[in-house]
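1. One predicted model, sequence on top.
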Amino acid sequence: MSEKIFKKISLKTFISISALIFSLTTFLSSCTTYKQLQYLQGDIDSSKYSKFNVPEQKVQKGDQISVAVFSDNAAASAMFNTGSIPSTVADMSQASLPGSGVSSAGNVYEVDNEGMIFFPQIGKLYVEGQTKEGLTKLLNNQLKDKFLTNPYYVIRFINLKITVFGDVNSPGVYPLTRANTNIFEALTLAGDMTFFGKRDNILVIREKDGKRVFARIDVTKPDVFNSPYYYLQQNDIVFVDMRKGKVNSADQSWMRNVSLGMGLLSALTILVNLISR
């Protein structure tokens, strides 16, 4: 009789301890994960982060640039605006500016491997590293008072893009529709990071002065607002690494089975309690 009671107590104790260990493990795991999932942890000093500088886009090799040229003489300007638009940007707005008689899209130039474009009446121009303001000055030096009176230009970067991949829900190549796209917007475009994405160690790869620069940013800290990599530039690559302990779908299925098994153990514990009374 005493042996049966001992076995009954042992079984009851084993089941109770197993259920307790599982509960504690789940609790501790959830506590650890919660902090790892948070963005911008801690207080944000608004005065410290209120000022910001959005870096100007600069011409890189492989970029496509639209340049529309205008002046006091529409006929003279027309020779610089043939409206040659490649199919990749054929859906670009073709609305004409009042009185110009030419498309506001102008010509589209692709920057070659030497950082050059071929411009009508001028020939080859070295444009790599130039901002829109720099391009305006460069064109003025070549066109003003030589071909045109009071020229002005509408300059657009056509094929700006960023790449976001790694532990995000929708990795891919995304167009940069404006110059001040930031890291949070990029992650949002990619469907946000997954449960296991490293929020404190995101890699940004940038082409700068003919070299690749590798930088790490931490989006869990407000200091990210002051990072030179907070605002993304064309051709930036954003890589989200995974945290240790990531489980694949098979592992998740296994965990669900374990959870079900522990639930059954809990039910058995209740049953043993009833029997032992």
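-> Yes, it's here.
2. dump the residue contacts of residue 215.
-> For residue 215, the residues meeting the contact criterion (Cβ atoms under 8 Å, 6 or more residues apart in numbering) are 203, 204, 206, 227, 228, 229. Every residue, glycine included, has its C-beta placed from N, CA and C.
3. for those, which one is nearest residue 158?
-> Using Cβ to Cβ, residue 206 is the member of these that lies nearest residue 158, at 19.8 Å.
4. Please name the nearest non-neighbouring residue to that closest one.
-> Distance criterion Cβ to Cβ, 6 or more residues apart in numbering; nearest residue to residue 206, sequence neighbours excluded, is residue 213 at 4.8 Å.
5. helix/strand/coil for that neighbour?
-> With DSSP: H, G, I helix; E, B strand; the rest coil as the basis, the three-state label of residue 213 is strand.
6. now, among the contacts of residue 215, which is nearest to residue 71?
-> Within these, distances to residue 71 taken as Cβ to Cβ reach their minimum at residue 206, with 36.7 Å.
7. tell me which element the closest one is part of?
-> Assessed by DSSP states H and E, residue 206 sits inside strand 202-208.
8. For residue 240, see how far away residue 163 is.
-> Taking Cβ to Cβ, to the nearest Å as the measure, residue 163 falls 12 Å from residue 240.
9. Quick check: end-to-end length of stretch 145-157?
-> End-to-end distance of stretch 145-157: 26 Å, with Cα to Cα, to the nearest Å as the criterion.
10. try stretch 56-74
-> With Cα to Cα as the measure, stretch 56-74 spans 30 Å from end to end.
11. ok, what's across the strand from the residue lying closest to residue 158 once chain neighbours are set aside?
-> Once its chain neighbours are removed from consideration, residue 158 has its nearest residue in residue 64; the separation is 3.9 Å (Cβ to Cβ, 6+ apart). Counting by DSSP bridges, residue 64 is bridged to residue 110.
12. correct me, but residue 64 touches residue 160?
-> No: the criterion here is Cβ atoms under 8 Å, and residue 64 misses it with residue 160 at 9.1 Å.
13. picking that back up, looking at residue 163 and residue 240, which has the bigger crowd around it?
-> Between residue 163 and residue 240, residue 240 has the larger neighbour count (other Cβ atoms under 10 Å), namely 23 against 16.
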